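Undergrad: Got a sequence here, can you model it:
(2 chains)
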Amino acid sequence: MPSPIPMTAVQAPRTPPPRRAALAVAALALLSVPCHAEVDARALLEGALDLTRGLSSHMRMTMTIHRPDWERRITIEAWTRGREDALIRFTAPPKDAGTATLKKGERMWTFTPKLKREILLPASMLSQSWAGSDFSYNDLARTDKYLRHYAFAITDTVVDADGRAVHTLELTPHDDAPVVWGKEVMVLRADHVMLRQTFYDQARLPVKEMRTLAIGELGGRVMPLRMRMADVDDQSRWTEIHYLQADFEAAVDDAMFTTFALRGGR
Amino acid sequence: MPFKLLAQLAWRNLGRHRRRNGMLLAAIAVAVAGVVLLNTMLRGMEGEVREVVLDNLTGHVKVLRSGYLADPGIRHGFELPADWQAGLDAEALRGWAARLRVPTVVMSERETRGAQLVGVDPAREGISFIGRASVVGEPLAGAQDRRLLMGRALAEQLRTAVGRRVVLVTQAADGRAREVGYRVAGVYESDFAGLEKVFVFTGAAALQETLGTTFVTEVSVRLSDAADERQQGALADTLGAAFAGLDVLGWQQLEPQAAVIVEMADFGVFIYFAVVMGALVFGLVNAMATAVMERVREMGMLRALGMRPAAVVAQVMVECSLVMALGVALGLGLALAVFAPFADGIDLGAFDLDKSLAQMGMRANFVPLMTAADVVLVAVLSVALGAVASLYPAVRAVRVPPLAALTGGRFGAAGQRRKAARTDDAAANSAVDD
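TA: The predicted structure follows:
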């Protein structure tokens, strides 16, 4: 059962924005009928998942992989279609340029220019380290798996300096869920911007944590611009993603999601 | 000449040189004991390798769909006919198990490892190591059990434990990847870390449901321990008839490396024997030749008294065989005395050899094996070798002309002949005088 929302959330600012008011009402309702919180938590989560996703999108970003003795920065261009299909291509540095990943439904290919051939990756790669980073493909793709495999509840709500509510959402995987984590905790702003996401093992110890380092407007949406995923035990190992450009209503040609496009053909 | 007399003569002759013959006996005993003991080690290794292979989900004979070995997966499975067991010889049978074995990727919070996911009916797994493995936590309750049994080494690598959830990714019957969360019911221990890392088990029926299939990928049949190759062949024929169109493979085909080790053990006893006894036989020949040369006069006298050349040969051969037989008896006694304390096994783990042994497919507790057939083989071969080796001194003994022998040469047949030629007349005279 979700724990009751602390009073700070309800008492907060004098002139609450409409959304905030709605939340306050929901929170009050929660105190009397706890199951309403489920609906609210779901809406919050769906909003956060949809924030960096459009029907079709085109994005440019950099990914910085940091290790104690080296660091590398890759520039990435990505196109998505619906919730399942994506083409991700490295554009810099020259050593990595042209390396690309195509995900179509449950199948994923990778193409390396040096080998001049595409390789069909096993689906298990989706939840493993992607391109040597601390992110898995699933971490980046913001799939629906949260809605399907987790029970979620708002465990805490506070108000930040700008007067916005900040919710702590605890996600517990169902018993038979294909999820390795014991639980995940997301800190979400009321406008669906994810501030922090922590992954706990089944002994409830934190394993890795993603923090949002910068928030800004991109492609007409307020969203996290810079996110860092770090190993909790070893802070010297992290990966940072920096969104440079995003278009969530891009006209993306279906031909982008073919192995021909994967090879770099347009 | 009666054999009893020959034997008596031979026995007496042996008694004439106690120290020399004692040394000879000791040499034979040590050599025979050495061969027998080396052979128990080799047999032990053979038994060990065979047992491990049979235990390792292989069994004596396995039914697979052709193509499974090259590309293991549920699409290379087959339907198990309900009445397939009809022709099995119940007496020689230890048990059978139908399984699904598919490649999988196991993920925990911190690590990811490749493994083989095996769907089993725990009640049928008395024929494999997993049926007897010690389990921390709970073993699988039945074919319907949706939980996972994982090896200790894998659990350590994944940093997971009993009661935790891991995610397995595998390919379902429709060709699509399936990600499934599994609770770890128990962690099993095996003698081999390799096995612990490779196999994760779950209920067969539960796995069929997960993969969306009614297939199994293998039927493994194990015979009783006493079963021989003939029974295995008969089993393969029966299975071939029951599973038309599928591959029926013996463990020798499935594990050719192990089969070579086992074959080598059958041949190894002859190698040891040839090396050790080959060296020994020269000592034996030397000792007997010396004994014969010392007795040239005596031989001459016996011949002169009317002993047939064949009897002389027989006497030397009996003498030699007697030494050999005694030596073999002593050697076997010695071997048995050395073997007895280790019959239950030698704990090689104490020497910290576990890992290298495991690589050879052997367990840390090594059990040497002494078989009656091998002991009899060594004994018979040794006595036969002794008899053959005695031919040379015996022939030398018989080639000394009695006359020359009596006149006292002791330098062998050739020398005797030369000497005899020189002193022909004198010798003839003295013979007449006698």
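
Undergrad: For the residue in chain B that chain A sits nearest to, the count of nearby residues, please.
TA: Using C-beta to the nearest C-beta, the closest approach of chain B to chain A is made by residue B:177 at 3.1 Å. Using the backbone N, CA and C atoms, a C-beta is placed for each residue, glycine as well. Counted by other C-beta atoms under 10 Å in any protein chain shown, the residues lying close to residue B:177 total 17.

Undergrad: Test my guess that it contacts residue B:167.
TA: No - distance between residue B:177 and residue B:167: 11.6 Å, which falls outside the contact criterion (C-beta atoms under 8 Å).

Undergrad: List the residues that are in contact with both of those two.
TA: When C-beta atoms under 8 Å, 6 or more residues apart in numbering or on different chains defines a contact, no residue borders residue B:177 and residue B:167 alike.

Undergrad: just for the chain, where's the confidence low?
TA: No chain specified, so I'll use chain A. Residue ranges of chain A with pLDDT under 70: A:1-39, A:122-124, A:141-144, A:265-266.

Undergrad: Can you look at chain B instead?
TA: Scanning chain B for pLDDT under 70 picks out the ranges B:1, B:86-87, B:349-362, B:408-434.

Undergrad: Which elements pack onto the longest strand belonging to it?
TA: In chain B, assigned by DSSP state E, the strand with the most residues is strand B:93-107. Applying 3 or more C-beta pairs under 8 Å, 6 or more residues apart in numbering or on different chains; DSSP states H and E, one finds that strand B:93-107 contacts strand B:112-120, helix B:152-158, strand B:165-171, helix B:204-211, strand B:218-223.

Undergrad: and the angle from the last one to strand B:93-107?
TA: So the one you mean is strand B:218-223. 140 degrees (axes from the mean of the first three to the mean of the last three C-alpha atoms, to 10 degrees).

Undergrad: Not counting strand B:218-223 itself, show me its contacts.
TA: By C-beta under 8 Å, 6+ apart, the list of residues contacting strand B:218-223 reads B:54, B:57-64, B:68, B:80, B:84, B:88, B:92-101, B:127-128, B:231-232, B:235, B:239, B:243.

Undergrad: among these, which ones are buried?
TA: B:54, B:57-64, B:68, B:84, B:88, B:92-101, B:127-128, B:231-232, B:235, B:239, B:243 (16 or more other C-beta atoms under 10 Å in any protein chain shown).

Undergrad: Chain B contacts on chain A?
TA: Residues of chain A that fall close to chain B, judged by C-beta under 8 Å from any C-beta of the partner chain: A:106, A:122-124, A:127-128, A:173-182, A:199, A:201-202, A:207.

Undergrad: number of nearby residues for residue 148?
TA: Unless you meant another one, I'm taking chain A. 10.

Undergrad: oops, chain B please
TA: There are 25 residues near residue B:148, going by other C-beta under 10 Å.

Undergrad: can you map out the helices along chain A?
TA: A:7-11, A:18-32, A:36-51, A:137-141, A:145-149, A:259-262 (DSSP state H).

Undergrad: is it true that residue B:105 touches residue B:111?
TA: No - Residue B:105 lies out of contact with residue B:111 (C-beta under 8 Å); the separation is 10.9 Å.

Undergrad: residue contacts, residue A:248?
TA: Per C-beta under 8 Å, 6+ apart, neighbours of residue A:248: A:53, A:54, A:57, A:219, A:220, A:221.

Undergrad: Show me the chain divided up by domain.
TA: Just so you know, I chose chain A. Following automatic domain parsing, chain A resolves into domains at A:7-52+A:143-237, A:56-136+A:248-262.

Undergrad: you looked at the wrong chain, it should be chain B
TA: The record's domain split for chain B, according to automatic domain parsing, is B:3-50+B:259-399, B:66-245.

Undergrad: now those domains in JSON lines, with distance to residue A:68?
TA: Listed next are the domains of chain B as JSON lines, based on distance: least, C-beta to C-beta, whole Å:
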{"stretch": "domain B:3-50+B:259-399", "distance to residue A:68": "31"}
{"stretch": "domain B:66-245", "distance to residue A:68": "18"}
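
Undergrad: Could I get the contacting residues of the closest residue to residue A:232 other than its chain neighbours?
TA: By the measure of C-beta to C-beta, 6 or more residues apart in numbering or on different chains, the closest residue to residue A:232 outside its immediate chain neighbours is residue A:206, 4.4 Å from it. By C-beta under 8 Å, 6+ apart, the contact list for residue A:206 reads A:198, A:199, A:200, A:232.

Undergrad: what does residue A:188 give?
TA: Going by C-beta under 8 Å, 6+ apart, residue A:188 touches A:44, A:45, A:48, A:166, A:167, A:168, A:169, A:194, A:195.

Undergrad: From residue A:81, how far off is it?
TA: 26 Å (C-beta to C-beta, to the nearest Å).

Undergrad: likewise residue B:69?
TA: From residue B:69 to residue A:81 the distance is 40 Å (C-beta to C-beta).

Undergrad: So which of the two has more stuff around it?
TA: residue A:81 (19 against 13).

Undergrad: is it true that that one touches residue A:251?
TA: No - counting by C-beta under 8 Å, residue A:81 stays clear of residue A:251, with 10.8 Å between them.

Undergrad: what residues do those two have in common as contacts?
TA: Shared contacts of residue A:81 and residue A:251, counting by C-beta under 8 Å, 6+ apart, come down to residue A:56.

Undergrad: What subset of the residues of chain A next to chain B is buried?
TA: Counted by 16+ other C-beta under 10 Å, the residues of chain A next to chain B give A:122-124, A:127, A:173, A:177-182, A:199, A:201-202, A:207 as buried.

Undergrad: nearest to residue B:398, of the residues you listed?
TA: Using C-beta to C-beta, residue A:122 comes nearest to residue B:398 of those, at 81.9 Å.

Undergrad: tell me, how many neighbours does residue A:251 end up with?
TA: The burial count for residue A:251: 7, using other C-beta under 10 Å.

Undergrad: Need phi/psi at it.
TA: Backbone geometry at residue A:251, expressed as degrees, to the nearest 10, gives phi -90, psi 100.

Undergrad: For it, which non-adjacent residue is spatially closest?
TA: For residue A:251, the spatially nearest residue (C-beta to C-beta, 6+ apart) is residue A:56, at 7.3 Å.

Undergrad: Using CSV, please lay out the helices and strands packed on strand B:93-107 together with mean neighbour count.
TA: CSV is the format used below for those (neighbours: other C-beta atoms under 10 Å in any protein chain shown):
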stretch, mean neighbour count
strand B:112-120, 21
helix B:152-158, 20
strand B:165-171, 23
helix B:204-211, 20
strand B:218-223, 24
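
Undergrad: Nearest to residue B:375 among these would be which one?
TA: Per C-beta to C-beta, nearest to residue B:375 of the helices and strands packed on strand B:93-107: strand B:218-223, 25.5 Å.
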